[in-house]
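Novice: Quick one: sequence plus predicted model below, questions after.
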Amino acid sequence: MISSRQKKLMAGLIASAAFACSTGFAQGSPSSTAAPGAPATTAQAAPADAKPAARPHMDRAQRMERMQAKRTQRLAELKQKLKLEASQEGAWNSFTAAQQRPARPAGQARMDRAEFAKLTTPQRLEHMQARQAERSARFAQRAEATRSFYATLSPAQQKTFDAETVHFGHRGGPGHPHHGQREPAKS
């Protein structure tokens, strides 16, 4: 079954290809009039090291750094809105520490796609199951820290916390619906 996102992507690719072909033929480019199989001239050939002009690609470290900065900012805003008392600081510190992504051990690099592809199916399943268990354990720690912190809040603070964290941890934000969700109808 093809998702609507995939359908839109395919339609865009087809439209782009059709536009590229039509502009090439309309301009009477030498490549459109050359015999099939004829080599392109050096003026028409794109340099081998040329990359398409697109949005600059951030590496994993840059993305993680940006995500960490946003997480820190959101937590600071939440703390300000909660107006915590001195007696709640310890629980807040435990809560924020649990929200941080754990550092990967120095000797443990992330398995790349080529290594993963070399594994047998049962090995891949074991690897995925181990990763899922790690994620579940981290979630349990975050959930326990959140419950402990929530218990220290006053009813008014709990109401603020509930309102502010309803989408906490989800990707996207206002105007960025999650996969499978539709934007509300605008009237």
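Specialist: Sure, I can see it.
Novice: pLDDT weak spots in this structure?
Specialist: Along the chain, segments meeting pLDDT under 70 span 1-2, 4-5, 9-13, 15-56, 104-108, 168-187.
Novice: can you give me the helices for it?
Specialist: Using DSSP state H, the helices of the chain run over 4-26, 30-33, 60-82, 89-99, 113-118, 121-152, 155-164.
Novice: which of these is buried the deepest?
Specialist: Most buried of the helices of the chain, by mean neighbour count (mean count of other Cβ atoms under 10 Å): helix 89-99, with a mean of 16. From N, CA and C alone the C-beta is placed, and that goes for glycine too.
Novice: Let's see stretch 112-126 as CSV, backbone CA atoms only.
Specialist: In CSV, the C-alpha atoms belonging to stretch 112-126 read as follows (Å, rounded to 0.1, in the frame of the first residue of the first chain):
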residue,chain,number,x,y,z
ASP,A,112,26.3,1.6,9.7
ARG,A,113,23.9,0.3,7.0
ALA,A,114,26.6,-1.7,5.3
GLU,A,115,27.5,-3.6,8.5
PHE,A,116,23.8,-4.1,9.2
ALA,A,117,23.2,-5.5,5.7
LYS,A,118,25.9,-8.1,6.2
LEU,A,119,24.0,-9.6,9.2
THR,A,120,21.7,-12.5,8.7
THR,A,121,18.0,-11.9,9.4
PRO,A,122,18.1,-13.5,12.8
GLN,A,123,21.1,-11.4,13.7
ARG,A,124,19.4,-8.3,12.5
LEU,A,125,16.3,-9.2,14.6
GLU,A,126,18.5,-9.7,17.7
